[in-house]
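>>> For reference, the sequence and a predicted model appear below.
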Amino acid sequence: MALIDIIIEDERWTATDLGPLAEAAATATLAHLGLDPGDWEISLLACDDARIAALNGDFRGRRAPTNVLSWPSEERAAEAPGQVPTPPDPDGDPELGDIAIAFETCDREAREAGRPMADHVTHLIVHATLHLLGYDHESDLDATLMEGSEVEILGKMGLPNPYG
């Protein structure tokens with residue numbers, strides 16, 4: 001079974017090679033953290049801005065589109081800001097959680113940043129996978145840890161620092 005199970009609601013995603021991009025990004029993230037990608041499952045909804053705005057409103061109280069959302073299957077946050085979250089138990093439930101990604105917002109952000117869409121989407125899947133694993137950016141210490149991990153993972157994939 002593949003690490004990523006994709007549901008494509010917006011057909012524009014089919015032109016982006018989302019499946020291989022998401023699989024590579026999530027695999028690189030898990031491997032970077034010492035987790036066997038073959039032990040885990042992630043569901044990915046490839047949608048449009050209207051759908052993600054509804055999800056954002058339902059789950060975060062913000063009725064506006066965003067680039068990516070994630071829902072971990074269980075709470076995995078670290079006990080204190082800046083600490084590495086406890087990794088999931090490989091003998092437990094293999095489902096890490098769900099991710100939704102919005103086409104229009106991703107496309108616009110990539111164009112505005114002058115980055116290839118594939119690079120931007122890869123970064124967002126790495127980012128969302130880290131969220132599923134308990135990483136966040138609510139405090140400065142947590143943001144530094146999470147962004148540093150993203151830069152390291154993307155660097156190993158041959159992609160530039162998205163924050164620099």
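Perfect, I can see it now. It should be emphasised that the depicted structure is a prediction, and the values quoted were computed from it without experimental measurement.
>>> so Asp98 sits in a strand?
Yes. Looking at Asp98 with DSSP: H, G, I helix; E, B strand; the rest coil, it is inside a strand.
>>> what about it, neighbour count?
For Asp98, the count of nearby residues is 19 (other CB atoms under 10 Å). Quick note: C-beta positions are derived from backbone N, CA and C, even for glycine.
>>> Need phi/psi at the nearest residue to Glu152 once chain neighbours are set aside.
Excluding the flanking residues, the one nearest Glu152 by CB to CB, 6 or more residues apart in numbering is His32, at 6.6 Å. For His32, the backbone dihedrals are phi -60, psi -30 (criterion: degrees, to the nearest 10).
>>> per-residue confidence averaged over stretch 154-164?
Stretch 154-164 shows a mean pLDDT of 96.
>>> phi, psi of the residue most central in space within the chain?
In the chain, the residue lying closest to the centroid (CA atoms, centre = their mean) is Ala128, at 1.9 Å. Note on Ala128: backbone dihedrals following degrees, to the nearest 10 are phi -70, psi -40.
>>> distance of it from Leu141?
According to CB to CB, to the nearest Å, Ala128 stands 20 Å off from Leu141.
>>> on that earlier part again, the residue nearest to the centre of the chain and Trp13: what is the separation?
Ala128 is 15 Å from Trp13, by CB to CB.
>>> Same check on Leu69?
15 Å.
>>> Tell me which of these two has more neighbours.
Using other CB under 10 Å as the criterion, Leu69 and Trp13 rank with Trp13 on top: 24 against 19.
>>> tally of neighbours for the nearest residue to the more buried one once chain neighbours are set aside?
Closest residue to Trp13 apart from its sequence neighbours, by CB to CB, 6+ apart: Ala46 at 4.0 Å. Neighbourhood size, Ala46 [other CB under 10 Å]: 25.
>>> you'd agree Val84 is in a strand?
No. Val84: not assigned to a strand; according to three-state DSSP it is coil.
>>> and it, what does it touch?
78, 145 (CB atoms under 8 Å, 6 or more residues apart in numbering).
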